[in-house]
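Undergrad: quick one, fold the following:
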Amino acid sequence: MNDHKAVRQQGRDLARKLSVTPTAPELRGKSGRDFDRAYAAHEVAFHQAVLDAVQGTLLPAIKNAELKAFVEKVGPAFQGHLEAAKQLQKRLTA
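TA: Numbers count the residues shown, from 1 in each chain. Below you'll find the model as predicted:
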């Protein structure tokens with residue numbers, strides 16, 4: 001949770017500086033076990049998408065040095081978070 005909070009704040013700060021408007025995931029309308037499963041599925045998909053984008057698209061294309069440094073700094077943490085999300089998803093579907 002602390003990792004996510006810190007990265008979100010750094011991302012918001014950079015987005016504000018670069019005049020970019022980020023969007024947040026929507027999980028409204030779900031509760032209990034349905035929310036937990038939807039959240040876990042979202043986290044797996046999100047972290048995998050970020051890793052794919054970082055490795056295959058973003059890093060090769062980024063021209064802004066600050067943005068590139070930010071992506072390089074937080075990118076490796078996404079792998080650990082992806083594995084944690086997969087484990088959570090596995091527990092919730094068992």
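Undergrad: can we go C-alpha only for contacts and neighbour counts from here?
TA: Fine.
Undergrad: low-confidence ranges, this structure, go.
TA: Counting by pLDDT under 70, the chain shows low-confidence ranges at 1, 20-25.
Undergrad: can you give me the helices for it?
TA: Secondary structure of the chain (DSSP state H): helices located at 2-18, 32-53, 59-61, 65-93.
Undergrad: make TSV from those and add distance to residue 26 and mean neighbour count to it.
TA: Converted to TSV, the helices of the chain look like this (distance: least, C-alpha to C-alpha, whole Å; neighbours: other C-alpha atoms under 10 Å):
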stretch	distance to residue 26	mean neighbour count
helix 2-18	16	13
helix 32-53	9	16
helix 59-61	27	12
helix 65-93	17	15
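Undergrad: so residue 64 versus residue 73, what's the distance?
TA: To residue 73, residue 64 is 14 Å away according to C-alpha to C-alpha, to the nearest Å.
Undergrad: meant to ask about residue 94
TA: Distance, residue 94 to residue 73, by C-alpha to C-alpha: 34 Å.
Undergrad: can you check residue 85 too?
TA: 20 Å.
Undergrad: equivalent analysis for residue 29, please.
TA: Separation of residue 29 from residue 73 (C-alpha to C-alpha) stands at 34 Å.
Undergrad: what do you get for residue 67?
TA: 10 Å.
Undergrad: check whether residue 78 really touches residue 53, as I assumed.
TA: No - look at residue 78 against residue 53 with C-alpha atoms under 8 Å: they stay out of range, at 11.4 Å.
Undergrad: contact partners for residue 87?
TA: Not one residue lies near residue 87 by C-alpha atoms under 8 Å, 6 or more residues apart in numbering.
Undergrad: could I get the phi/psi values of residue 64?
TA: phi -80, psi 120 (degrees, to the nearest 10).
Undergrad: how many residues are close by it?
TA: Look at residue 64: counted by other C-alpha atoms under 10 Å, it has 9 neighbours.
Undergrad: spit out the contact partners of residue 86.
TA: Contacts of residue 86 (C-alpha under 8 Å, 6+ apart): 40, 44.
Undergrad: ok, it to residue 46 distance?
TA: To residue 46, residue 86 is 11 Å away according to C-alpha to C-alpha.
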